[in-house]
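Participant: Coordinates for the following, if possible.
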Amino acid sequence: ARMVREYSSGISNILDIGQLARVALGIIREGFGARHGRLFLVDRKRDAAGDYYSLRSVGDPGPETVAGALAADSPVAEFLSKEYRPLLQYDVDMLTRFRAVAPTERAWLDELGVDVYVPIYSKGTWIGLFALGAKVSGDRYYEHDFNLLSTLSDQTTVALENARLVDNLVTLNRTLREAYGALDQANQRLEHLDRAKSDFIAVLSHELRTPMGILLGYSQMLADDPDFKGRPGHQTIIDGLGKGASRLQEIIETMLDMAMIDNQAMRL
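Facilitator: The predicted structure is shown next:
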């Protein structure tokens, strides 16, 4: 009872998920005399191979986070998600119901080097896992240990949910900041491209204006030349040249207007 009170008061106001893991594991390790322990966050996910449970350790003292995965139909995952009680590594190694555990999953569990797994549930959903190593005394975990560990895992539910919510919000804010940064860079590139477009239109329209004026002037000269007009079929050519040159001149003038509007040199 003293341990439950200490545990409940110790984790009640913690919102940082790493600190929650360190405090919770510290109390549990001291109370049970465990050599080491980990707290895993559990999330159900799906990929091309099917549904699986992703396990990610938090609050580890080392620089690397330990992560693993259990298939949704794995005997270990089915036990931890449905049985609502701790699981011994000894049972995983010896009982026939766990013989179908995949070699990769069994190897990952062996690497953890723990003796007992204590699942954490929220509204019937498996959300976390305590993994505790052997006792310093060399003694095994008894039934009253399992009862106390189950009580402590129930005490952990609300604190873990709150800490996970804060952790998700922090992750979301970081993602949003990164997205805003990428959006700002994209806007800068778009502004650069827009300036390049405006400069291109301005230069192009100015460069085309002079030769276009020459073409339009000569086409008018041909239209006024009596010798050229007097020849059969030449009037059609003259009209076509005049219309084409006038249309091109309109386009060039429009491009100039666009460039002046973009450069705020002209207001509508």
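Participant: Show me the strands in this protein, by range?
Facilitator: Assigned by DSSP state E, the strands in the chain fall at 37-47, 50-58, 67-71, 87-88, 116-122, 125-132.
Participant: Correct me if wrong: M266 contacts D257.
Facilitator: Yes - M266 lies in contact with D257 (CB atoms under 8 Å); the separation is 6.7 Å. For every residue, glycine as well, the C-beta is placed using N, CA and C.
Participant: just to revisit the earlier point, who wins for proximity to M221 among the strands of the chain?
Facilitator: For M221, the closest of the strands of the chain is strand 37-47, at 75.8 Å, according to CB to CB.
Participant: Parallel or antiparallel, list what pairs with the closest one.
Facilitator: strand 50-58 (antiparallel), strand 125-132 (antiparallel) (DSSP bridges).
Participant: winner for burial among these?
Facilitator: Across those, averaging neighbours per residue (mean count of other CB atoms under 10 Å) puts strand 125-132 on top, at a mean of 21.
Participant: tell me how far that strand is from the chain's mean position?
Facilitator: Remark: strand 125-132 is offset 24 Å from the chain centroid, using CA atoms, centre = their mean, to the nearest Å.
Participant: avg pLDDT for it?
Facilitator: Averaged over strand 125-132, pLDDT sits at 92.
Participant: One more: stretch 254-268?
Facilitator: Stretch 254-268 comes out at a mean pLDDT of 78.
Participant: Using CSV, list the CA coordinates for that stretch.
Facilitator: Provided in CSV are the C-alpha atoms of stretch 254-268 (Å, rounded to 0.1, in the frame of the first residue of the first chain):
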residue,chain,number,x,y,z
THR,A,254,0.0,43.9,-73.5
MET,A,255,3.2,42.3,-72.3
LEU,A,256,4.6,45.7,-71.5
ASP,A,257,1.5,46.6,-69.5
MET,A,258,1.9,43.3,-67.6
ALA,A,259,5.5,44.0,-66.8
MET,A,260,4.6,47.5,-65.6
ILE,A,261,1.8,46.2,-63.4
ASP,A,262,4.1,43.5,-61.9
ASN,A,263,6.7,46.2,-61.1
GLN,A,264,4.0,48.4,-59.7
ALA,A,265,4.9,51.1,-62.3
MET,A,266,1.3,51.2,-63.4
ARG,A,267,-1.9,50.9,-61.5
LEU,A,268,-5.2,49.9,-63.0
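Participant: Tell me the buried residues in stretch 130-145?
Facilitator: F130, A131, L132, G133, A134, K135, Y141, D145 (16 or more other CB atoms under 10 Å).
Participant: Now distance to I237 too, for these, in TSV please.
Facilitator: What follows is the buried residues of stretch 130-145, written out as TSV (distance: CB to CB, whole Å):
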residue	distance to I237
F130	93
A131	91
L132	97
G133	97
A134	102
K135	105
Y141	103
D145	105
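Participant: nearest to G37, of those residues?
Facilitator: L132 (4.5 Å).
Participant: Go ahead and confirm that closest one touches R29.
Facilitator: Yes - judged on CB under 8 Å, L132 makes contact with R29 at a distance of 7.5 Å.
Participant: what is in contact with those two at once?
Facilitator: Common neighbours of L132 and R29, using CB atoms under 8 Å, 6 or more residues apart in numbering, are H36, G37.
Participant: Can you check the pLDDT for I11?
Facilitator: pLDDT at I11 comes out at 84.
Participant: A21 is in contact with that one, correct?
Facilitator: No - using CB under 8 Å as the test, I11 is too far from A21 to be in contact (9.7 Å).
Participant: neighbour-wise, which of these two wins?
Facilitator: Taking other CB atoms under 10 Å, I11 and A21 do not tie; A21 has more neighbours (26 against 22).
Participant: Can you give me every residue that contacts the nearest residue to the more buried one once chain neighbours are set aside?
Facilitator: Distances taken as CB to CB, 6 or more residues apart in numbering place G59 nearest to A21, at 2.7 Å, with adjacent residues excluded. Contacts for G59 (CB under 8 Å, 6+ apart) come out as I17, G18, Q19, L20, A21, R22, L25, L39.
Participant: how near is G59 to G240?
Facilitator: Distance from G59 to G240, counting by CB to CB, to the nearest Å: 83 Å.
Participant: now S57
Facilitator: Going from S57 to G240 by CB to CB gives 80 Å.
Participant: Perfect, that will be all.
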